[in-house]
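Q: got a sequence here, can you model it:
(one chain, ligands or ions: 2)
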Amino acid sequence: MIALHADLLDFPQAPAWGETGPQGVRWRPGHWLLVGDDGRITGVQAEAPGPEWPREDHPGRLLLPGFVDTHVHSPQLDVIASYGTELLDWLHTYTFPAERAWADPAVAAAGSALFLDALLAHGTTAAVVFPTVHKGSADALFEAASQRGMRIIAGKVLMDRHAPDGLRDDVAGAERDCIDLIQRWHGRGRNAYAVTVRFAPTSTPEQLAMAGALCHADPTLYMQTHVAENRDEVRWVAELFPQARSYLDVYAGAGLLHPRSVLAHGIWLNADDRAALRDAGAQIAFCPSSNLFLGSGLFDWPATAAAGVQVSVASDVGGGTSLSMQRTLADGYKVQASLGKGTGHDLSAWCALHAATRGAAEALHLGHEIGLLEPGLMADLCLWDWAVGAVDGRRQQVARDLHEKVFAWMLLADERHLVRTWVAGRPLYERTSA
Ligand code: GUN
Ligand code: ZN
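A: Ligands and ions are numbered 1, 2, ... in the order given. Alright, predicted model coming up:
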């Protein structure tokens, strides 16, 4: 057990869009967070705990629930920041060749360990992850996650067409692999299985139907995919599925939209699509860094939220250029600003940080486990410096209220500000330089 003393910030309620006042946030400066031997938070209090508690005192540092990255690719650290392409070219030029290497279990094991340690070194303690088409890539990820005790949702990627040799499965073999992986990993420790359709162009209608049947057979399974990211992609899907009303409708028709569905991007959706997402209880993972880097487009968060759709935030590395959730949220602010300053598009620090913690946890039906600094929840935590340099130090000095201070931190901080990360009360990342 351990008692941590720091400035505690979390978001028990969803802040209203544009809300910057103190009611949108729970701010407990200079409080003690108590963590039990079972890895759960046992209390939060202003007064120092009794002498039986080992203590860590971090005055003037910020303690947050660990970040939740709802869409990220474990094999794509090798292609992060690859030059000069949009989505479909990017996949064929950089990404598919890199993913082919994960057929080798040793590559998948080493890559998964590197990837999860990198998440922890950015303050991310839970993630919804795409490995590769290879069954062993999912095994390697779940094994590495189990060693660390991290909350990981993932599944072998389904792709049985329009992908190069060495990266295609087939319906029967993929179904067998999924069933075996589900039996061995779903609900084991903190692992959960996601039926993982890469995107509509790389699955035949038969494979989509098989994926939908898996979801139907076990409603506790997650589903993850990409949707309406890029205009050429949307046109291609319309050619491949002429009978579908829209790109999203391809997934709806296959039974893939449900309350545990996480669909990345959703930039090019219309009102009918948003209504279908809302009715299904599915969520969109907004990936601003990736959308800017690949030139995919500007996701309209307030319009999507106003339609009743849950929105979380994700790095989408390697389309995204950083695992840092602060950098991702800063890009998210800039995307919304590009859609229109003063027209209700300004992304508050409260909305952004709620979406990256409590909001994602609730959308994933994990609100009882992660996302808040609350007794009973797992002690998945990250501890941050408010500033590490002269510029952000000065900005913190002159901030006039809490939102200004946290907003400036969100825009200026990154992994250099991370002091320590705990998973289930165990410190798994520690910054070595001051
Ligand atoms: N669409 C299909 N596959 C991918 C991928 O790996 N990254 C992104 N950003 N979009 C995709
Ligand atoms: Zn992606």
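Q: how about the strands in the stretch 1-150 of the chain?
A: Assigned by DSSP state E, counting those that start in this stretch, the strands in the stretch 1-150 of the chain fall at 2-10, 26-35, 41-45, 55-65, 67-73, 124-130.
Q: which helices and strands does the longest one pack with?
A: Using 3 or more Cβ pairs under 8 Å, 6 or more residues apart in numbering; DSSP states H and E as the contact criterion, the elements in contact with strand 55-65 are strand 2-10, strand 381-384. C-betas here are computed from N, CA, C, even on glycine.
Q: so Asp273 makes contact with Leu248?
A: Yes - between Asp273 and Leu248 there is a contact under Cβ atoms under 8 Å: 4.3 Å.
Q: ligand 2 is nearest to which of the helices and strands packed on strand 55-65?
A: Of all the helices and strands packed on strand 55-65, it is strand 381-384 that lies closest to ligand 2, at 23.2 Å by Cβ to the ion.
Q: return the distance of that closest one from the chain's centre.
A: Centroid separation for strand 381-384 versus its chain: 17 Å, with Cα atoms, centre = their mean, to the nearest Å.
Q: what angle separates the following helix or strand past that strand from strand 55-65?
A: Downstream of strand 381-384, the next assigned helix or strand under DSSP states H and E is helix 390-398. On the basis of axes from the mean of the first three to the mean of the last three Cα atoms, to 10 degrees, helix 390-398 is oriented at 90 degrees to strand 55-65.
Q: export helix 390-398 to CSV, keeping only CA atoms.
A: C-alpha atoms of helix 390-398 as CSV (Å, rounded to 0.1, in the frame of the first residue of the first chain):
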residue,chain,number,x,y,z
ALA,A,390,11.0,28.3,-19.2
VAL,A,391,8.1,28.8,-21.6
ASP,A,392,5.6,26.6,-20.0
GLY,A,393,6.9,27.5,-16.5
ARG,A,394,6.2,31.2,-17.3
ARG,A,395,2.8,30.4,-18.7
GLN,A,396,1.9,28.5,-15.5
GLN,A,397,3.0,31.4,-13.3
VAL,A,398,0.7,33.9,-15.0
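Q: by contact count, what packs against the next helix or strand after it?
A: Later in the chain than helix 390-398, the nearest helix or strand by DSSP H and E is helix 402-412. Judged by 3+ Cβ pairs under 8 Å, 6+ apart, the packing partners of helix 402-412 are helix 325-338, helix 349-354, helix 390-398.
Q: coming back round to it: of Asp273 and Leu248, who's got more company?
A: Looking at Asp273 and Leu248 with other Cβ atoms under 10 Å, you find the greater number of neighbours at Leu248, namely 27 against 24.
Q: and the residue in the stretch 251-400 of the chain positioned nearest to ligand 1, how many neighbours does it have?
A: Sorted by distance to ligand 1 under Cβ to the nearest ligand atom, the residues of the stretch 251-400 of the chain start with Gly319, at 3.3 Å. Around Gly319 there are 30 other residues, counting by other Cβ under 10 Å.
Q: can you pull the phi and psi angles for the closest residue to ligand 2 within the stretch 151-300 of the chain?
A: Residue nearest to ligand 2 within the stretch 151-300 of the chain (Cβ to the ion): Ala264, separated by 4.9 Å. Note on Ala264: backbone dihedrals following degrees, to the nearest 10 are phi -80, psi 140.
Q: surely it meets Ala228?
A: No - between Ala264 and Ala228 there is no contact, the gap being 9.6 Å when judged by Cβ under 8 Å.
Q: next, the residue of the stretch 251-400 of the chain closest to ligand 1: phi, psi?
A: Per-residue torsions, Gly319: phi -70, psi -40 (degrees, to the nearest 10).
Q: next, work out how far apart it and Ala118 are.
A: To Ala118, Gly319 is 16 Å away according to Cβ to Cβ, to the nearest Å.
Q: can you count the residues close to the residue in the stretch 51-200 of the chain that ligand 1 sits nearest to?
A: Distances between the stretch 51-200 of the chain and ligand 1 by Cβ to the nearest ligand atom are smallest at Phe199, namely 4.1 Å. By other Cβ under 10 Å, 26 other residues sit near Phe199.
Q: need the nearest residue in space to it, chain neighbours excluded.
A: What sits nearest to Phe199 in space, not counting adjacent residues and going by Cβ to Cβ, 6 or more residues apart in numbering, is His226, at 4.1 Å.
Q: check for me that that neighbour belongs to a strand.
A: Yes - assessed by DSSP: H, G, I helix; E, B strand; the rest coil, His226 belongs to a strand.
Q: that one touches Thr202, doesn't it?
A: No - using Cβ under 8 Å, His226 is not in contact with Thr202, being 9.7 Å away.
Q: more neighbours, these two?
A: Higher neighbour count among His226 and Thr202: His226, with 25 against 21, using other Cβ under 10 Å.
Q: and the pLDDT for that one?
A: Model confidence at His226, expressed as pLDDT, equals 99.
Q: give me the beta-bridge partners of it?
A: For His226, the beta-bridge partners under DSSP bridges are Ala264.
Q: redo the helices and strands packed on helix 402-412 as CSV? Include mean pLDDT.
A: Compiled in CSV, the helices and strands packed on helix 402-412 are given as follows (pLDDT from 0 to 100):
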stretch, mean pLDDT
helix 325-338, 97
helix 349-354, 98
helix 390-398, 98
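Q: single out the most deeply packed of those.
A: For the helices and strands packed on helix 402-412, the largest average neighbour count (mean count of other Cβ atoms under 10 Å) is found in helix 349-354, namely a mean of 26.
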